[in-house]
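Engineer: After the sequence you'll find the predicted model.
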Amino acid sequence: MVLPGPAAYPAHPHIDLLPSHRRRGGGRALMHALLDALHGKGVPAVHLGMVSTNTAARAFYDRLGFHEIPVPDPGPLTCPGRRTDRTAPPTAAA
């Protein structure tokens, strides 16, 4: 993703759980493991691309401290991002 908005958020993770495995903590565990691993490698922040109408995913990412990153012409997408450092304020860009 080469957009000016996410430049401070150099990593772009993607997770997808089957509906039968959602709401059991697996997604949160995957995101925390990913954030911790990226932070350990010096990656300051991540960004995602998600369909704006996916309210369940948006609520999930909001609970994890993601915030919307303004990007030009996102179309049907929202671009949430957050720092990989879980002790830092989640809305502060790297």
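Structural biologist: It's in. Numbers count the residues shown, from 1 in each chain.

Engineer: Tell me which residue of this protein is furthest from the middle?
Structural biologist: residue 20 (21.9 Å; Cα atoms, centre = their mean).

Engineer: Where does it sit: helix, strand or coil?
Structural biologist: Secondary structure, DSSP: H, G, I helix; E, B strand; the rest coil: residue 20 is helix.

Engineer: What pLDDT is listed against residue 64?
Structural biologist: Note for residue 64: predicted pLDDT of 92.

Engineer: Quick check: closest non-adjacent residue to it.
Structural biologist: Closest residue to residue 64 apart from its sequence neighbours, by Cβ to Cβ, 6 or more residues apart in numbering: residue 31 at 5.7 Å. In short, each C-beta sits where N, CA and C put it, glycine included.

Engineer: Look at that neighbour and say how many residues are nearby.
Structural biologist: 20 (other Cβ atoms under 10 Å).

Engineer: Shouldn't it be within a helix?
Structural biologist: Yes: applying three-state DSSP, one finds residue 31 inside a helix.
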